[in-house]
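Asker: pasting the sequence and the predicted coordinates here, then a few questions.
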Amino acid sequence: MTAADTADDRVLFDVDHDQRIATITLNNPGRHNTYDPAMRDAMARCLDQVAEDDDLTVVLLRGADGTFSTGADMNNAYGWYGEAAGGDAAAPKKPSQRRRLTVDRKSFGFYHNLMGFPKVTVGEIAGYALGGGFEMALMTDISVIAGDTKIGMPATRFLGPALGSLHMFFHRLGPVLARRLLLTGDVIEAGDLAHLGIFTETCDSASVTARARYWAEKAAKMPADGVVIAKEAFRLVEQSQVYQGEEVASYLFHAFGTNLQFAPGEFNFVKTRAQHGTKEAFRLRDEHFHVPEPEA
């Protein structure tokens, strides 16, 4: 199977029935494999195909050209909420709260389904794993990451710290690191966290593809029914101990967070992007949030 099966050539889908492994590749390298609603829906369709195929045990998630994903495409922030939110392209208006809740519920439904996916998920993570890309990396069952991969939630700098799958961040990262990343928007290298065991394996970038495939083939040797039973058992344990209310809390606080009021002197990404363009808005964002380290 190829990209044609996804109806979006920015998401590639390949199936190896001999090895019982499916591969989903984000194929938007010109934009560092950011994704928009259409790409996310294409990924969801691929995952549904894997879930429904009895002959597949593992899905390998990766990004084209050595970058996993820099998350949601923010070139048109309100575009995520559809034409009803954008209105006149020359003078877009903020979406209603009801629209935010409806759209965000669907968005976080995707992450919820990925986190509880019935087959083994393996992440091949390199280059950048930011925002939604970072979330997907953390949601995989087995994650192989290059030590120089840049990870974090930089969008908290313009959407607020109540962003993303909060229960998962605190569970997978621990409360100290989760608070640091969400309250500062810092981007750090994965190798700095290797000692914490957040990812299954940290290696050099040249080895990521081979190591991820190794883990995928290793997991694919397991009994398929046993894997599905185990994944449901894992989900039950996490839901009862950690993730109660995860999906509702995530989309609810994300919807509220995208309706922030900005005080004078605070950085407003949407307004800055409208005035200066997306590339310059990111530069100005980083300039605004830069605080030099104190001299020893």
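Answerer: Here it is on my side, so go on. Numbers count the residues shown, from 1 in each chain.
Asker: isn't K94 right up against L260?
Answerer: No. Between K94 and L260 there is no contact under Cβ atoms under 8 Å: 10.5 Å. (Glycine included, C-beta is placed from N, CA and C.)
Asker: quick one: common contacting residues for the two?
Answerer: Listed as contacting both K94 and L260 by Cβ atoms under 8 Å, 6 or more residues apart in numbering is no residue at all.
Asker: beyond the host helix or strand of A44, next helix or strand please.
Answerer: Using DSSP states H and E, A44 maps to helix 37-52. Downstream of helix 37-52, the first helix or strand assigned by DSSP H and E is strand 58-63.
Asker: name every strand pairing with that next one and say which way it goes.
Answerer: Strand 58-63 has the following strand partners under DSSP bridges: strand 21-26 (parallel), strand 120-125 (parallel).
Asker: state the mean pLDDT of it.
Answerer: Strand 58-63 comes out with an average pLDDT of 98.
Asker: what residues does that strand touch?
Answerer: Contact with strand 58-63 is made by 20-26, 29, 33, 46-47, 50, 68-69, 117, 119-124, 126-127, 133, 136, 140, 209, 212-213, 216, 219-220, as judged by Cβ under 8 Å, 6+ apart.
Asker: how many neighbouring residues does P175 have?
Answerer: 10 (other Cβ atoms under 10 Å).
Asker: please enumerate the strands of this structure.
Answerer: 11-16, 21-26, 58-63, 120-125, 128-130, 142-146, 150-152, 187-189, 201-203 (DSSP state E).
Asker: could you dump the ones you listed into a markdown table and include mean neighbour count and distance to Q275?
Answerer: Output for the strands of the chain, formatted as a markdown table (neighbours: other Cβ atoms under 10 Å; distance: least, Cβ to Cβ, whole Å):
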| stretch | mean neighbour count | distance to Q275 |
| --- | --- | --- |
| strand 11-16 | 20 | 32 |
| strand 21-26 | 23 | 30 |
| strand 58-63 | 27 | 31 |
| strand 120-125 | 27 | 34 |
| strand 128-130 | 26 | 24 |
| strand 142-146 | 25 | 36 |
| strand 150-152 | 22 | 26 |
| strand 187-189 | 16 | 24 |
| strand 201-203 | 19 | 40 |
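Asker: if we compare the ones you listed, which one ends up closest to L101?
Answerer: Between L101 and the strands of the chain, the tightest spacing by Cβ to Cβ is seen for strand 128-130, at 24.8 Å.
Asker: tell me the contacts of A64?
Answerer: By Cβ under 8 Å, 6+ apart, the neighbours of A64 are L12, T25, L26, N27, N28, P29, N33.
Asker: now swap in Y251 and tell me
Answerer: Shown in contact with Y251 (Cβ under 8 Å, 6+ apart): L101, D104, R105, S107, F108, G109.
Asker: ok, the closest residue to L159 other than its chain neighbours to D186 distance?
Answerer: Using Cβ to Cβ, 6 or more residues apart in numbering and skipping residues adjacent in sequence, the residue nearest L159 is G257, 5.2 Å away. Distance check for G257 against D186: by Cβ to Cβ, to the nearest Å, it reads 18 Å.
Asker: neighbour-wise, which of those two wins?
Answerer: The neighbour count for G257 versus D186, taken as other Cβ under 10 Å, is higher for G257 (19 against 16).
Asker: is it true that the more buried one touches F158?
Answerer: No. Contact criterion Cβ under 8 Å: G257 and F158 do not qualify, at 9.9 Å.
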